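>>> need a structure here:
(2 chains)
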Amino acid sequence: MRWSQAFIPTLREVPAEAEAPSHRLLLRAGYIRQVSAGIYAHLMLARRSLLKIMQIIREEMDAIGAQEFHLPVLNPAELWRESGRWDAVDVIFKFKDRAQHDMCLGITHEEEMTNIARSELRSYKQLPQIWYQIQEKFRDEPRPKSGLLRLREFFMKDSYSFDIDEAGLDASYDKHVHAYKRICERCGVRTLYVEAFSGMMGGSVSGEFTAPTDAGEDSIAVSACGYAANLEKAISAVTPVDDPAGDEAPEAFPTPGLKTIDDLVRFTGESPARMIKTLVYVAQSQPVVILMRGDHTLSEIKLSTALGTGVFRPATPEEALKLHGANLGSLGPLGLTGVRILADKALEGRRDLIAGANRDDTHLRHVAPGRDFKAEYHDLRLVAAGDPCVRCGQPLEVIKAVELGHVFKLGRRYSEAMHATVLDASGKEVVLVMGSYGLGVERVLTAAVEQNHDKDGMFLPKSIAPFEVILTAANMDDTKLRAAAEELYAELQRQSIDVLFDDRDERPGVKFKDADLIGVPFRLTLGRRTFEQGRAEIFVRATKQAQEVKLTEAVQVVKQQLGS
RNA sequence: CGGGGCGUAGCGUAGCCUGGUAGCGCGCUUGGUUCGGGACCAAGAGGUCCCCAGUUCAAAUCUGGGCGCCCCGACCA
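Have a look, this model is predicted:
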C-alpha cells in the first residue's frame, strides 16, 4: 500500500495526560480516533493489526478443534444500520431506562449458546464441542477509561465448551489455557495466568490471562514460586502473632476520643495485630457485623462470597449506633444478639485481644473469640503486598495488570436451568457441563503497545504490526532514486511482503519520525548517499540498529529477517 | 450516582478575575530556497468564542439554566 493513497491521518501530538501511554501512542500514530465518549473509530492501521490478531486467534482456536460461527444479536450497531441514524449509537448508550437498555443488548451469550446446544446436541457422540465467535460487543460502561482498555464498543472472542462430564470440561478448559498462551505469545504480549474470582458468572474455577503493566486496572498478587492470583481471589498466609497466655475475663478501660486502630496503637503500645476491627454492613436490609484483625483490610469481594449476595453496603453511623449502643470507634462484638457476626479466619483461636466495648470512649482487653462471642469464620482478608505466600512463604508482590482474557468452568449452571442434555452411552439423559472463555481483541493490541514502546513510538511484533515493512524513499524528487524505490516496492509485493511504501514528498526527517511512531518492525530506506553506492538500509525498529545491504539483495534480506 | 475541572479556527491553547478591535503555536493554501532525523523566508485563507435566557450603550468575559467532554471515586464485564 502507498502512504499517499492510504488514509493515515495527520500524526499529531496528543497532550500528555493521565491516560495509558498505549492510548496516547495509538492516538498519535493514527490507529484510532475518538468518536464519542468511550467509542473509538479504528482507522486503517488499527484495523490491519486487529485483523491479524483475530487471524492468530482463529488459527489457535482451530488448533484445539473449535468451530467458528456468528451469533446475531440485537445490538446498537444493528439498530443504527436499520434506523440509518448516525447518532443512534450514542442515543442507545444514553438509555435511562434499564429495561430498554437490556432489550437492546439482548440476552446473555451463555444463555443463547446453551439454547443452541440444547437443540443441536443430542448424543454424547457429538461431544466435546467448542464453539466460538469473534464479535463486536457493546457495554453500557458508566465510565469508559484508559483508552482502549475500558470501552463501550469493542471486539471480543468468546467461546463455549460442552462436555459430558467434569473430566471433559477440565480438558476443554486446559485446551483454552494452552490456546490463549499461544495467542499471547504470538502477539508478543508477556502474560501471567492467574487464579481469578468467578464473579457473577457462577461456576467454581476461573482464570485470567493478564498482561503486567502499570496501565492495568487489575491488581495481581504474585509470588516467587509461581503462585499468582487476582487480588479479588488471592490468599496468603498470615503473619503469626504471639498472644499472651492466660485467660482473664474481658476488662473495660477508658479510651477517650480514640476512634481508629492507629489511635489505639499509640495509646496502648500494643501491635494492631492484637486488636479486633469491627465493621458494620447492611445486607438485604439485615445488619451484619464483620470482624477483622486490626492490621488487615476487608475484601468486599470475599465478603460478597461469604454472604452469598453482592447486595450490601456499609451501615450508616446511625444504624451502627442503634445496633451496638455506641458510636463508631467503640464498636465491638460482645453482647450483640440477633445479628450475624462474620469474622476473618485470622481471628480464630486468638485470645487476649483488644476490642470496642460497645460503650462510647471505652474498649475491652482480654477478649477471646469463641469464649466471649460466637462468629462464623471466613476468609475475608484482602491480601497485602509483603504477606507470606501460602505455598512458599516468600513475600507476595502486588502488581498492576491488564485483563486480556477470562476463562470459566461454568459447570451445569446454565445447562441445568435450561435443560440442555444429551443421551450418554447407556441411553440416560445427562446435563451438559459447560465452560465459557472470553478474550478482548483490543486489549491484546493495547497490551502489546504497552509492553513494546519507547519515547519515539511503538514497535509492534511483526505478527500483529499493520505492515511488515515500511519502504521509505528519502528523496522523492530524485527521479533515479524514485524509480529504484518503485522497483523495490513492486518486488516486495511480488514476494508477498506486506509493505507500506512511504511515497510522500516529505522531508526525510518527517518520514523517519512517522515510521518510528507507527510501529512497523522493519524500515527499508533508500537515500541518495547509499543509493549512489548501490545500497539500501535496513532499520530494525525495536533495536534501532541499521544495516546496509546491496540494493539487489535488499528484498531477500528483508525476507530473511521476517522469517526469523 | 458523588466530587473536581474544562468547552475560543482542523489540533493545542491565551484572553475571562477588572466587559469595549479575538490573539498565539502547529497544521492548511500560494511562491521561492531547501531535502538522511519533525527546515526556512514571504504572502494568504480559516472563528455561530458549546447552547438558551438575563444584566448592560456594549458580553468570549458578569448572572441563571441547559448540553457536552475529561479526571477522581462508586458501580460493573
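
>>> mind listing what the residue nearest to A:Ala221 when sequence neighbours are not counted touches?
What sits nearest to A:Ala221 in space, not counting adjacent residues and going by Cβ to Cβ, 6 or more residues apart in numbering, is A:Ala234, at 3.9 Å. In this view, the C-beta of every residue, glycine as well, is placed from N, C-alpha and C. Taking Cβ atoms under 8 Å, 6 or more residues apart in numbering, we find A:Ala234 in contact with A:Glu195, A:Ile220, A:Ala221, A:Val383, A:Leu396.

>>> Nearest to A:Ser4, out of these: which one, please.
A:Ser4 lies nearest to A:Ile220 out of these, by Cβ to Cβ, at 45.4 Å.

>>> Name the residue of chain A that lies nearest to RNA strand B.
A:Gly527 (1.9 Å; Cβ to the nearest atom of the strand).

>>> which non-adjacent residue is nearest that residue?
That would be A:Ala474: by Cβ to Cβ, 6+ apart, it lies 3.8 Å from A:Gly527.

>>> Counting neighbours, what do you get for the residue of chain A closest to RNA strand B?
Using other Cβ atoms under 10 Å, A:Gly527 has 17 other residues around it.

>>> Any figure for the gap between it and A:Leu396?
53 Å (Cβ to Cβ, to the nearest Å).

>>> And A:Glu59, by the same measure?
To A:Leu396, A:Glu59 is 36 Å away according to Cβ to Cβ.

>>> Looking only at neighbour counts, state which of those two leads.
Under the criterion of other Cβ under 10 Å, the comparison of A:Glu59 against A:Leu396 puts A:Leu396 first, with 27 against 13.

>>> which stretches of the stretch 151-300 of chain A form strands?
Ranges of strands in the stretch 151-300 of chain A, per DSSP state E, counting those that start in this stretch, are A:153-163, A:192-195, A:205-212, A:218-222, A:228-230, A:251-254, A:276-283, A:286-293, A:297-298.

>>> among those, which is nearest A:Glu348?
Closest to A:Glu348 of those, according to Cβ to Cβ: strand A:286-293, at 10.4 Å.

>>> so what does the closest one touch, helix or strand wise?
strand A:276-283, helix A:317-324, strand A:340-344 (3 or more Cβ pairs under 8 Å, 6 or more residues apart in numbering; DSSP states H and E).

>>> Show me what the shortest one is packed up against.
Judged by 3+ Cβ pairs under 8 Å, 6+ apart, strand A:340-344 is in contact with strand A:286-293, helix A:300-307, strand A:376-378.

>>> Burial-wise, tell me which of those comes out on top.
Sort the helices and strands packed on strand A:340-344 by mean neighbour count, taking mean count of other Cβ atoms under 10 Å, and strand A:286-293 sits at the top with a mean of 21.

>>> That one relative to strand A:340-344, how many degrees between them?
20 degrees (axes from the mean of the first three to the mean of the last three Cα atoms, to 10 degrees).

>>> Direction included, what does strand A:286-293 pair against?
Within its sheet, strand A:286-293 is paired with strand A:276-283 (antiparallel), strand A:340-344 (parallel), according to DSSP bridges.

>>> Pull the residues that contact the longest one.
With contacts defined as Cβ under 8 Å, 6+ apart, strand A:276-283 is touched by A:261, A:287-294, A:296, A:298, A:303, A:307, A:309, A:311-315, A:319-320, A:323-324, A:331-333, A:347, A:353-356, A:367, A:369.
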